[in-house]
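Trainee: What follows is a predicted protein model with its sequence.
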Amino acid sequence: MFRQDLLAGKKILVTGGGTGLGKSIGRRYLELGAHLVICGRRLAVLDATADEFRAELPGARIDTLTCDVRDAEQVEAMMERLWQTGPLDVLVNNAAANFIARTEKLSARAVDAVLNIVLHGSFYCAIAAGRRWIEAGRPGNVISTVSAPVITGQAFTAPSAAAKAGVLAMTRSLAVEWGPKGIRLNCVAPGLFPTPGAWEQLFPPGSQVEAQERGVPLRRLGEHRELCDLYAYLAADGSGYMTGDLIVMDGGRWMQGAGGPTFRAMQDWNDAQWDAMRKK
Ligand SMILES: CCCCCCC/C=C/C(=O)SCCNC(=O)CCNC(=O)[C@H](O)C(C)(C)COP(=O)(O)OP(=O)(O)OC[C@H]1O[C@@H](n2cnc3c(N)ncnc32)[C@H](O)[C@@H]1OP(=O)(O)O
Ligand SMILES: NC(=O)C1=CN([C@@H]2O[C@H](COP(=O)(O)OP(=O)(O)OC[C@H]3O[C@@H](n4cnc5c(N)ncnc54)[C@H](OP(=O)(O)O)[C@@H]3O)[C@@H](O)[C@H]2O)C=CC1
């Protein structure tokens with residue numbers, strides 16, 4: 001889909017890049033020639049991922065940095081170290097946390113666990129990178145991973161929905177504030193893309209993955225490579241006129257809600273059912 005050197009010369013940080021979607025996105029960035037930096041809380045996980053990438057892609061340039069994005073001082077220290085080997089070009093706010101729970105049962109610490117990682121962590125990273133870009137008079141690019149509940153809300157995952165909606169508001173606010181300085185920001189809302197992290201938190205054993213697929217108009221889950229090519233496009237100069245946008249890649253899943261279950265069932269109606277409807 002892209003030239004092999006699409007991202008050559010670009011230094012890209014993917015937070016939470018040691019696992020799941022962040023790992024897949026990082027691999028795609030390396031394939032396209034980027035200098036990749038991944039961060040997370042667990043060094044062993046990051047190093048295992050980096051070793052895997054080096055074995056798959058000889059010559060790949062990849063650095064690992066431990067950082068808990070909930071801690072602004074750690075984010076500052078990470079950016080300082082990262083900048084020592086040259087400025088960052090693209091920040092991908094991917095690190096996140098989520099779990100299913102009845103909201104009225106959540107403790108303050110439980111709410112904070114999600115808000116601090118998703119909302120505060122994305123803010124700290126955007127500000128730490130943005131300040132450096134502005135001071136240096138350099139362009140910058142921030143891609144933040146949100147989710148479709150930023151549009152609809154989502155029961156039983158209210159902290160995640162609210163935190164991600166906050167990240168979208170941050171994105172649009174800064175797209176205007178920093179646009180004149182050449183810094184652009186966009187959000188991607190993936191639908192259902194299987195990862196051990198998300199599945200463990202959101203689809204515990206016994207939950208119906210097949211039913212999940214039926215809830216998607218395109219009748220399948222997403223493939224990582226499809227999402228990764230969107231992140232590659234957004235990181236590339238060719239998307240340079242896009243800012244403040246929200247791109248949903250979910251096979252049409254989020255719009256299912258509009259008609260409710262009755263209209264959803266019509267997707268499976270046969271001709272006889274449609275004929276019966278017309279005769280009424
Ligand atoms: C349906 C699909 C549509 C798409 C929407 C999906 C959009 C988003 C998807 C994702 O984000 S998937 C990514 C999933 N990955 C992760 O969550 C990985 C990171 N997760 C974590 O680190 C933990 O799960 C964590 C709990 C979020 C944070 O860990 P931490 O070590 O910081 O906290 P703890 O000390 O363990 O807990 C803090 C606090 O939270 C309470 N708590 C933890 N789990 C639950 C739970 N399941 N239900 C209720 N409360 C929970 C825990 O009890 C602590 O509170 P106190 O007991 O101390 O009051
Ligand atoms: N998979 C899916 O279907 C969907 C995913 N998403 C979003 O995609 C992104 C990736 O999710 P996914 O890959 O599925 O899940 P993962 O659990 O694999 O990814 C979460 C990553 O965030 C890192 N992380 C968590 N807390 C912190 C922290 N405090 N500081 C730094 N890093 C942290 C984790 O590493 P560590 O624990 O080592 O810190 C981990 O690498 C998230 O933003 C998620 O909300 C959105 C919609 C659907």
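Mentor: Now that the structure is in, tell me what you want to look at. Ligands and ions are numbered 1, 2, ... in the order given.
Trainee: For the chain, just list every one of the strands.
Mentor: With DSSP state E applied, the chain shows strands at 11-15, 35-40, 62-66, 90-93, 140-145, 183-190, 246-249, listed in chain order.
Trainee: Identify the residues contacting the residue in the stretch 1-150 of the chain positioned nearest to ligand 2.
Mentor: Nearest residue of the stretch 1-150 of the chain to ligand 2: Gly20, at 2.1 Å (Cβ to the nearest ligand atom). Every C-beta, even on glycine, is put in place using the N, C-alpha and C of the backbone. Applying Cβ atoms under 8 Å, 6 or more residues apart in numbering to Gly20 gives the contacts 195-198.
Trainee: Distance to ligand 1, neighbour count and pLDDT added to those residues, as CSV?
Mentor: CSV is the format used below for the contacts of Gly20 (distance: Cβ to the nearest ligand atom, whole Å; neighbours: other Cβ atoms under 10 Å; pLDDT from 0 to 100):
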residue, distance to ligand 1, neighbour count, pLDDT
Thr195, 7, 18, 97
Pro196, 9, 9, 96
Gly197, 4, 15, 96
Ala198, 4, 17, 95
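Trainee: Let me know the closest of those to Cys39.
Mentor: Gly197 (15.4 Å; Cβ to Cβ).
Trainee: Within range of ligand 1, give me the residues from the stretch 51-200 of the chain.
Mentor: Contact residues, the stretch 51-200 of the chain versus ligand 1 (Cβ under 6 Å from any ligand atom): 96-99, 101, 106-107, 109-110, 113-114, 147, 149, 160, 192, 197-198.
Trainee: can we see that at 8 Å?
Mentor: Within the stretch 51-200 of the chain, the positions near ligand 1 by Cβ under 8 Å from any ligand atom are 70, 96-101, 105-110, 112-114, 117-118, 146-149, 154, 157, 160-161, 164, 190-192, 195, 197-198, 200.
Trainee: thinking again about what came up before, TSV please, covering the strands of the chain and showing mean neighbour count and mean pLDDT.
Mentor: Shown next, in TSV, are these (neighbours: other Cβ atoms under 10 Å; pLDDT from 0 to 100):
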stretch	mean neighbour count	mean pLDDT
strand 11-15	26	99
strand 35-40	26	98
strand 62-66	19	98
strand 90-93	26	99
strand 140-145	25	99
strand 183-190	23	98
strand 246-249	17	98
